[in-house]
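Chemist: Whatever this is, show me its structure:
(one chain, ligands or ions: 1)
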Amino acid sequence: MSHPNSEVFGNNDHLNAIFDQLGVAEDVRRRLAQPQQTVQTNVPVRMDDGSLQFFPAWRIRYDDTRGPGKGGIRFHPDVSAEEVTALSFWMTIKCAVVDLPFGGAKGGVCVDPKALSRLELERLSRGYIRAFHDIIGPDRDIPAPDVNTNETIMGWMADEFARIERCQVPAAVTGKPLGLRGSRGRTAATGRGALQVLDLWAERRGKAPKELSVAVQGFGNAGYHFARLAHERGYRIVALSDSKGAIHAADGLDPDPIWRHKHEIRKLKDMVYCCASVCDKAEAGVEQLTNDELLAMDVDVLVLAALEDTITERNVASVNAATILEIANGPVSGAADLLLTDRGVEVLPDVLVNAGGVIVSHLEWVQNRIGDSWSEEKVNQRLAARLAREARLCFEYAEENATTLRTAAYTQAIGRIADAMARQGTREYFDGASG
Ligand code: NAD
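Modeler: Predicted coordinates:
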């Protein structure tokens, strides 16, 4: 993955067009062109066989003008400085799109976490916090879960932070288990928010959920909760996939039993990760597909909820869906995005669609700071109210300016970030040209 500012829309021209249209000061453009702080280290982990291994790890705070950095920590063998930089840039945009008082950050460890024992994984998670303790905290930068890091891992990380501080600091990490002052509604928040954006889109296009067929790539935390709630709402979930393969049923699938089956095995083995697949539950009327076949399905909505760069110039021609819902971060490359727009395929963008997770992370941070714990109903209401308000602004901007929803979301975010930066002082500000 190349630098985010060249990947966001396929080239810098598109981002520059937004800067030009908003009259963004040169200082702001330059500040947004690179991360504020990049820290890389190698986290030492004592393995179960007694040997010492080192895992390359990053924490990148892209920009904190609008508030402390916020962003997940990813454990994956493909994690690199470039990937973490791109993800931290998207977090900066996402927090501003939905007007949270946060900047953007991200972390990652280059590791195959499924090859570690539970204790090795715990030592790595605690080691990550020891390595980056100085630059994280409730007013600096607040980590959260991402791919292959879940509430169990956030619990270990929050505990390690508290041990170093010698006092409880729950607002230092979000996505924690409920027992460690996590928030109700956090686990389902990304999927719930994504469904809300899809509902808004369907309403504006005059489509009823029951008319729409949906294929979901990536049946993990975000993809499962989206699929479960969308099925309840009446959308027809015709296909699901995970890293091992895909399943298809023209009449529709019920995501819940498939998820429960996947997770029964994990619980039986007391594992942190799920090792079963959607493909393990063979049933009459359910056909097996390859992951590429799912991406090429002729459906109303293709949901991308796995990893970045799923649709690129390599496979964009095979996409037959009318609309794409980006739950993953950056699942459509910049070049593919332009080609899809030319073909009239609507792409509902990640920085808006998956913002439900960070919105409820913010609510967790607020609850921790005021020493309160809210009902799931209250959390869901607050999530829905913020997303409805901010998504509606994006839809209206896109419709009034005959542009894509991605351009609308970036315009909304960059306008807010640029305004905050200008108030801190830019050359134009001191020259008296603005402010
Ligand atoms: P997860 O690890 O729980 O799930 C990822 C799923 O994708 C797994 O089921 C995995 O098997 C599947 N997968 C991997 N490669 C695949 C492939 N080639 N084809 C099909 N499936 C594949 O992770 P998650 O938390 O659900 O996150 C998924 C995406 O959503 C990531 O891009 C993440 O950054 C983004 N996201 C997640 C949250 C959140 O709160 N969980 C918030 C915002 C964005």
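Chemist: Remind me what the longest strand along the chain packs against, helices and strands.
Modeler: Counting by DSSP state E, the longest strand found in the chain is strand 52-63. With contacts taken as 3 or more CB pairs under 8 Å, 6 or more residues apart in numbering; DSSP states H and E, strand 52-63 sits against strand 37-46, helix 81-97, strand 104-110, helix 118-132, strand 141-145. (Each C-beta comes from the backbone N, C-alpha and C, glycine too.)
Chemist: In the longest one, which of the residues would be classed as buried?
Modeler: Within helix 81-97, the residues scored as buried using 16 or more other CB atoms under 10 Å are 83-97.
Chemist: circling back: what's the next secondary structure element after the longest strand of the chain?
Modeler: Following strand 52-63 in sequence order, the next helix or strand is strand 69-76 (DSSP states H and E).
Chemist: Over that following strand, what's the mean pLDDT, rounded is fine.
Modeler: Averaged across strand 69-76, pLDDT comes to 98.
Chemist: Which other helices and strands does it contact?
Modeler: Checking 3+ CB pairs under 8 Å, 6+ apart, strand 69-76 ends up next to helix 81-97, strand 104-110, strand 141-145, helix 151-165, helix 356-370.
Chemist: Which parts of it count as buried, going by neighbours?
Modeler: In terms of neighbour count (16+ other CB under 10 Å), strand 69-76 has its buried residues at 69-76.
Chemist: what's the neighbour count on Leu325?
Modeler: Residues near Leu325, counting by other CB atoms under 10 Å, number 27.
Chemist: Give the bridge partners for it, please.
Modeler: Leu325 forms beta bridges with Val303, Leu348, as assigned by DSSP bridges.
Chemist: May I ask you to confirm that it is in contact with Leu198?
Modeler: Yes. When contacts are counted by CB atoms under 8 Å, Leu325 is listed as touching Leu198 (5.7 Å).
Chemist: residues shared between the contacts of the two?
Modeler: 301, 348, 353 (CB atoms under 8 Å, 6 or more residues apart in numbering).
Chemist: So the first one sits against Glu326, correct?
Modeler: No. Counting by CB under 8 Å, Val301 does not reach Glu326; the two are 11.2 Å apart.
Chemist: how about the closest residue to the ligand within the stretch 1-150 of the chain, secondary structure?
Modeler: Nearest residue of the stretch 1-150 of the chain to the ligand: Val147, at 4.4 Å (CB to the nearest ligand atom). Using DSSP: H, G, I helix; E, B strand; the rest coil, the structure places Val147 in coil.
Chemist: tell me the contacts of it?
Modeler: Residues in contact with Val147 (CB under 8 Å, 6+ apart) are 72, 74-76, 220, 307.
Chemist: packing partners for the helix or strand encompassing Leu195?
Modeler: Following DSSP H and E, one finds Leu195 within helix 186-204. When contacts are defined as 3+ CB pairs under 8 Å, 6+ apart, helix 186-204 sits against helix 221-233, strand 323-326, strand 346-348, helix 350-353, helix 356-370, helix 376-400.
Chemist: can you tell me if the third one touches the ligand.
Modeler: Which is strand 346-348. No. Shown here: strand 346-348 not in contact with the ligand (CB under 6 Å from any ligand atom), separated by at least 13.6 Å.
Chemist: Ok, the longest one next?
Modeler: No. Residues of helix 376-400 contacting the ligand under CB under 6 Å from any ligand atom: none, with a closest distance of 12.1 Å.
Chemist: Now find how far off-centre the very next helix or strand once past that helix is within its chain.
Modeler: Using DSSP H and E, the helix or strand that follows helix 376-400 towards the C-terminus is helix 405-424. In terms of CA atoms, centre = their mean, to the nearest Å, the centre of helix 405-424 is found 19 Å from the chain centre.
Chemist: in helix 405-424, what's buried?
Modeler: For helix 405-424, burial by neighbour count (16+ other CB under 10 Å) applies to 405-418, 421-422.
Chemist: which intervals of this protein have sub-threshold pLDDT?
Modeler: Within the chain, the segments meeting pLDDT under 70 span 1-12, 265-272, 274-275, 281-282, 426-435.
Chemist: Up against the ligand, what does it have?
Modeler: 145-148, 190, 217-223, 241-243, 291, 305-307, 327-329, 354, 357.
Chemist: Select only the buried ones of the residues you listed in PyMOL?
Modeler: A single PyMOL command selects the buried members of the residues of the chain next to the ligand (16+ other CB under 10 Å):
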select buried, resi 145+146+147+148+190+217+218+219+220+221+222+223+241+242+291+305+306+307+327+328+329+354+357
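Chemist: Got the domain ranges for the protein?
Modeler: 1-34+421-435, 36-180, 189-353 (automatic domain parsing).
Chemist: need those in JSON lines with distance to Ser375, can you?
Modeler: Output for these, formatted as JSON lines (distance: least, CB to CB, whole Å):
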{"stretch": "domain 1-34+421-435", "distance to Ser375": "37"}
{"stretch": "domain 36-180", "distance to Ser375": "12"}
{"stretch": "domain 189-353", "distance to Ser375": "14"}
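Chemist: which stretches of the stretch 201-350 of the chain form strands?
Modeler: With strands called from DSSP state E, counting those that start in this stretch, the stretch 201-350 of the chain shows them at 213-217, 236-242, 245-248, 287-289, 301-304, 323-326, 346-348.
Chemist: re earlier: who wins for most neighbours among the shared contacts of Leu325 and Leu198?
Modeler: Neighbour max across the shared contacts of Leu325 and Leu198 (other CB under 10 Å) = Val353, 32 neighbours.
Chemist: quick one: which of the strands of the stretch 201-350 of the chain is nearest Cys110?
Modeler: strand 236-242 (21.8 Å; CB to CB).
Chemist: helices or strands next to that closest one in the packing?
Modeler: Strand 236-242 packs on strand 213-217, helix 221-233, strand 245-248, helix 255-268, helix 291-295, going by 3+ CB pairs under 8 Å, 6+ apart.
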